[in-house]
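# need coordinates for the following:
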Amino acid sequence: MDLEFNRNEDAMKLAWSQVKQRLAVIYKGGGEKSVAKQRERNKLTARERIQYLIDPDSRFIEIGAFAAWDMYQSEGGCPAAGTVAGVGYVSGRQCIIVANDQTVKAGAWFPMAGKKNLRMQEIAMENNLPIIYLVDSAGVYLPMQDEIFPDKEHFGRIFRNNARMSAMGIPQIAAVMGACVAGGAYLPIMSDETLMVTGNGSIFLAGPYLVKAAIGEDVDAETLGGAVTHTEISGIADYKFDTEQQCLDHIKKLVGKMGQPAFAGFSRQAAIAPAAAPDHIYGIQAPNNTKPYDMQRIIDCLVDAGSFDAFKTDYGKTIICGYARIEGWAVGIVANQRLVLKNRKGEMQLGGVIYNDSADKAARFIMNCNQKKIPLVFLQDVTGFMVGSRSEHAGIIKDGAKLVNAVANSVVPKITIVVGNSYGAGNYAMCGKAYDPRFIYAWPSAKIAVMGGEQAAKTLLQIQVANLKTKGETVTAEQEQQLLDEIKGRYETQTTPYYAAARLWVDAIIDPADTRMVISEAISAANHQPQIAEFKTGVIQV
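Have a look, this model is predicted:
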């Protein structure tokens, strides 16, 4: 190993260590006092419930752990958006699991909680996966009700999705382990089966205090909507249990009795270890992604040894395309190449930039993968499309549109990993969040923005300085530098993977060494979708 590799490795491991430190804070939920209150009521935390439910030693991919990170500070924060969720195995069956975290504001729904829950339902619907809800929530967070209640992608959409999933034949199981209040009461009842824990679980449209205020009736929570009430009188719930563990054990039984799903039939063979060790991946990128590197080295850490077959190797070199296998799954890889290369005319090309030939090549490859029903993996480290008169005259917009069209209309599963930069239209062309990847993950080195921080800051500075001068104000060089530093600092904060993960632009920030495993689990989930639509691209300029 050379010194540069060691420096890169140390920087990436340090960046991942910071991710883990922040996750450790998130995992505490609402804090020790709130957890102690759970214990007093013989209740497990959301994370403990999930750990008890999933199969021992099985893979669990958490989604949205950083949701709401550094948001809602005036409200005291909302770790993981008050919801713990992910993709895991229950009785050998891959499932979506969504658990309200009662230690965070009594499990109340903040705006990002709604977005996160909708994302989990979206994953269930796209991949035809059973979904398990572990319910323990006080309902909508009333001080922010206007941001969570009325709009199309707000709270009510969850129950619409309940109905849609039921019509699609996607199993839904709800276990009510605490409060389930007001509109939230519809979620378990619109699920296929409802389980309740005696003494703690309760379901009602209006709690005792609201009932007293509305109609003057005095009634306690257990009589109003407890497990006995709903299993013996209303018939709303199907099962009641004395402990949470008994309740979770019964979920395992229910899942274990489900019939086998129909699969999409994506090709899989016995897995072969990569040619390069997965942890070798740490030493490839320079800190802050400041130097060129060979993306093929990253690919070699991800794919089964000897499985990569390059497509159009000598054409469109700033994008690598090729067929491979990851843990045995057949995949088509589309990856930005960060090396500074020579094109076929011997001219230099900047790595990470999409040129006409690269866009043309990638579009054709994506069409081939759709034709052959091969899932697509995008490895993003892109600064955008090439600009300038030469590229414009050559039709870069046309070629870029061709690539975007192919990505947008793809019917095979798309899994996106943001390895480094994800700037501008390059984000779109390489299957950013707006282009419906089944799953999208970021490395600690990821940066997502309309353009790089330096360029953006200088552009914004020019605009601000021009505005000040039109008002007759003079701006010194020192003031310009101060303005530039302020703009750059603010802009760079917004490009971090934490900022993106907080807003669910990415599903999670992952350990680079886990990338191979995460992609494999994503394809396994996508394989549960039995019907792949016919691939059509519409009108494309050629």
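
# so where is the stretch 151-300 of the chain shaky, pLDDT-wise?
Along the stretch 151-300 of the chain, no part satisfies pLDDT under 70.

# tell me where it has helices.
Counting by DSSP state H, counting those that start in this stretch, the segments of the stretch 151-300 of the chain that form helices are 156-168, 186-189, 208-215, 221-225, 227-228, 244-256, 295-302.

# which strands or helices does the shortest one pack on?
Taking 3 or more C-beta pairs under 8 Å, 6 or more residues apart in numbering; DSSP states H and E as contact, the helices and strands that helix 227-228 lies on are strand 239-241. Quick note: C-beta positions are derived from backbone N, CA and C, even for glycine.

# between the helices of the stretch 151-300 of the chain, which one is closest to residue 63.
helix 156-168 (15.7 Å; C-beta to C-beta).

# identify each buried residue in that closest one, please.
156, 157, 158, 159, 161, 162, 165 (16 or more other C-beta atoms under 10 Å).

# residues touching the first one, list them.
By C-beta atoms under 8 Å, 6 or more residues apart in numbering, the contact set of residue 156 is 149, 150, 183.

# the first one touches residue 158, doesn't it?
Going back to what we said before, that points to residue 149. No - here residue 149 does not reach residue 158: they are 11.4 Å apart, not a contact under C-beta atoms under 8 Å.

# circling back: what is the nearest of the buried residues of helix 156-168 to residue 458?
Of all the buried residues of helix 156-168, residue 458 sits closest to residue 157, with 40.6 Å by C-beta to C-beta.

# name the nearest residue to that closest one, sequence neighbours excluded.
residue 118 (5.8 Å; C-beta to C-beta, 6 or more residues apart in numbering).

# need the distance between the two termini of stretch 239-246.
Stretch 239-246 has an end-to-end distance of 11 Å (criterion: C-alpha to C-alpha, to the nearest Å).

# what does it rub up against?
Counting by C-beta under 8 Å, 6+ apart, residues outside stretch 239-246 touching it are 42-44, 49, 52, 177, 193-201, 227-228, 230-231, 247, 250.

# I'd like the average pLDDT over stretch 6-13.
The average pLDDT within stretch 6-13 is 96.

# do stretch 104-114 as well
The average pLDDT within stretch 104-114 is 93.

# CA atoms only: put the one helix or strand residue 405 maps to into PDB for me.
Per DSSP states H and E, residue 405 falls inside helix 396-409. Taking Å, rounded to 0.1, in the frame of the first residue of the first chain, the C-alpha atoms of helix 396-409 are listed here in PDB:
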ATOM      1  CA  ILE A 396     -24.900  17.800 -25.600                       C
ATOM      2  CA  ILE A 397     -28.500  18.700 -24.500                       C
ATOM      3  CA  LYS A 398     -29.800  16.200 -27.000                       C
ATOM      4  CA  ASP A 399     -27.500  13.400 -25.900                       C
ATOM      5  CA  GLY A 400     -28.200  14.300 -22.200                       C
ATOM      6  CA  ALA A 401     -31.900  14.200 -22.900                       C
ATOM      7  CA  LYS A 402     -31.500  10.700 -24.400                       C
ATOM      8  CA  LEU A 403     -29.800   9.500 -21.300                       C
ATOM      9  CA  VAL A 404     -32.300  11.100 -18.900                       C
ATOM     10  CA  ASN A 405     -35.100   9.600 -21.000                       C
ATOM     11  CA  ALA A 406     -33.600   6.100 -20.700                       C
ATOM     12  CA  VAL A 407     -33.200   6.400 -17.000                       C
ATOM     13  CA  ALA A 408     -36.700   7.900 -16.400                       C
ATOM     14  CA  ASN A 409     -38.400   5.100 -18.400                       C
END
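
# give the contact list for residue 316.
Taking C-beta under 8 Å, 6+ apart, we find residue 316 in contact with 355, 357, 358, 359, 360, 361, 362.

# swap in residue 466?
Here residue 466 is in contact with no residue (C-beta under 8 Å, 6+ apart).

# ok, back up a step: name the residues of the helix holding residue 405 that come out as buried.
396, 399, 400, 401, 402, 403, 404, 405, 406, 407, 409.

# tell me the pLDDT at the fifth one?
Turning to residue 402, the model gives it a pLDDT of 93.

# ok, now how distant is it from residue 357?
Residue 402 sits 12 Å away from residue 357, going by C-beta to C-beta, to the nearest Å.

# re earlier: what's the neighbour count on the residue nearest to residue 157?
By the criterion of other C-beta atoms under 10 Å, residue 118 has 18 neighbours.

# can I get the host helix or strand of it in PDB? Just the C-alpha atoms.
Per DSSP H and E, residue 118 falls inside helix 111-127. Extracted in PDB, the C-alpha atoms of helix 111-127 (Å, rounded to 0.1, in the frame of the first residue of the first chain):
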ATOM      1  CA  PRO A 111     -43.500  16.400   8.900                       C
ATOM      2  CA  MET A 112     -40.400  14.300   8.300                       C
ATOM      3  CA  ALA A 113     -42.100  11.400  10.200                       C
ATOM      4  CA  GLY A 114     -44.800  11.500   7.600                       C
ATOM      5  CA  LYS A 115     -42.300  11.600   4.800                       C
ATOM      6  CA  LYS A 116     -40.400   8.700   6.200                       C
ATOM      7  CA  ASN A 117     -43.400   6.500   6.700                       C
ATOM      8  CA  LEU A 118     -44.600   7.200   3.200                       C
ATOM      9  CA  ARG A 119     -41.100   6.300   1.900                       C
ATOM     10  CA  MET A 120     -41.400   2.900   3.700                       C
ATOM     11  CA  GLN A 121     -44.800   2.300   2.200                       C
ATOM     12  CA  GLU A 122     -43.400   3.200  -1.200                       C
ATOM     13  CA  ILE A 123     -40.600   0.600  -0.800                       C
ATOM     14  CA  ALA A 124     -43.200  -2.000   0.200                       C
ATOM     15  CA  MET A 125     -45.400  -1.200  -2.900                       C
ATOM     16  CA  GLU A 126     -42.500  -1.000  -5.400                       C
ATOM     17  CA  ASN A 127     -41.000  -4.300  -4.300                       C
END
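
# many thanks, I have nothing further to ask.
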